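Q: Need a 3D model of the following:
(2 chains)
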Amino acid sequence: RKEVEQDPGPFNVPEGATVAFNCTYSNSASQSFFWYRQDCRKEPKLLMSVYSSGNEDGRFTAQLNRASQYISLLIRDSKLSDSATYLCVVNDENSGTYKYIFGTGTRLKVLA
Amino acid sequence: DTAVSQTPKYLVTQMGNDKSIKCEQNLGHDTMYWYKQDSKKFLKIMFSYNNKELIINETVPNRFSPKSPDKAHLNLHINSLELGDSAVYFCASSQDKGYPSYEQYFGPGTRLTVT
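A: All right, here's what the predicted structure looks like:
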């Protein structure tokens, strides 16, 4: 089983739609989680951290389910500019050092 | 001002050559990283330095050698380049060994093509 798994997509959705991505992780001791966004031929950029109680930032909502070891990202009212690859990231600790484990990414295309 | 910068942006070279990629961050972070993103877009950590000390060294061929002259700079030297080294290499930085709440900031990437 991969350490962090995502559906690669692509998810093709019309503007204004709501879309959700899931990500599962294998290490039950993982402590922190993020969603990054990567545009084509660009670097990854932090979209949002994922907190245990769930968190919202405008049209974006992130949730964490520790029991089932998955995190999710919900995008409401999709915009054309949301088209990108969304990377699930688990921050794993080993002897006081933290290491990002990336999922393979989920590609989103928002269509006019 | 660019927070994390890398040079060069593109690098095309022949098999067997030796090349270096440079990275600098002006965020005052003490931890820096090198990642490789392969043709399938999978991003994987290679190395990490904290205050010039190597703290993460993944299973990477020893043809790859990172060097950190100070905490704002992390360079990657690659010897005897192979076709399979073609990828995008990203540098990143964070505070405090990437403690859980601290995000990583990525440079724009160096696209390496080995012919």
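Q: going forward, measure contacts between C-alpha atoms and count neighbours the same way
A: Noted.
Q: Show me what from chain A comes close to chain B.
A: When proximity is defined as Cα under 8 Å from any Cα of the partner chain, chain A approaches chain B at A:31-32, A:42-46, A:91, A:96-105.
Q: so of these, which ones are in strands?
A: Residues of the residues of chain A next to chain B located in strands (DSSP state E): A:S32, A:P44, A:K45, A:L46, A:N91, A:T97, A:Y98, A:K99, A:Y100, A:I101, A:F102.
Q: who's in contact with residue 88?
A: With no chain named, the answer covers chain A. Residues in contact with A:C88 (Cα atoms under 8 Å, 6 or more residues apart in numbering or on different chains) are A:V4, A:Q6, A:C23, A:F33, A:F34, A:W35, A:Y36, A:F102, A:G103, A:T104, A:G105.
Q: meant chain B, my bad for not saying
A: Counting by Cα under 8 Å, 6+ apart, B:V88 touches B:K36, B:Q37, B:D38, B:G109, B:T110, B:R111, B:L112.
Q: Am I right that it is in a strand?
A: Yes - when DSSP: H, G, I helix; E, B strand; the rest coil is applied, B:V88 is found to be in a strand.
Q: Look up the closest residue to it, ignoring the ones flanking it.
A: B:R111 (4.4 Å; Cα to Cα, 6 or more residues apart in numbering or on different chains).
Q: Correct me if wrong: that neighbour contacts B:A87.
A: Yes - with contact defined as Cα atoms under 8 Å, B:R111 reaches B:A87; the gap is 6.0 Å.
Q: Residue 22 is in what secondary structure piece?
A: No chain in the question, so chain A it is. strand A:19-25 (DSSP states H and E).
Q: wait, I meant chain B there
A: Secondary structure from DSSP H and E places B:K22 in strand B:19-25.
Q: buried stuff in stretch B:34-50?
A: Residues B:W34, B:Y35, B:K36, B:Q37, B:L43, B:K44, B:I45, B:M46, B:F47, B:S48, B:Y49, B:N50 are the ones in stretch B:34-50 that count as buried (16 or more other Cα atoms under 10 Å in any protein chain shown).
Q: Taking those residues together, which two end up most distant?
A: Across these, the longest distance by Cα to Cα is 21.9 Å; it joins B:Q37 and B:N50.
Q: Quick one: the strands in chain B, in order.
A: According to DSSP E, the strands that chain B contains are B:4-7, B:10-13, B:19-25, B:31-37, B:43-50, B:53-57, B:64-70, B:73-78, B:87-94, B:105-106, B:110-114.
Q: can you list the ones you listed in JSON lines and add distance to A:I75?
A: Formatted as JSON lines, the strands of chain B follow (distance: least, Cα to Cα, whole Å):
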{"stretch": "strand B:4-7", "distance to A:I75": "28"}
{"stretch": "strand B:10-13", "distance to A:I75": "34"}
{"stretch": "strand B:19-25", "distance to A:I75": "32"}
{"stretch": "strand B:31-37", "distance to A:I75": "26"}
{"stretch": "strand B:43-50", "distance to A:I75": "23"}
{"stretch": "strand B:53-57", "distance to A:I75": "34"}
{"stretch": "strand B:64-70", "distance to A:I75": "39"}
{"stretch": "strand B:73-78", "distance to A:I75": "36"}
{"stretch": "strand B:87-94", "distance to A:I75": "27"}
{"stretch": "strand B:105-106", "distance to A:I75": "23"}
{"stretch": "strand B:110-114", "distance to A:I75": "30"}
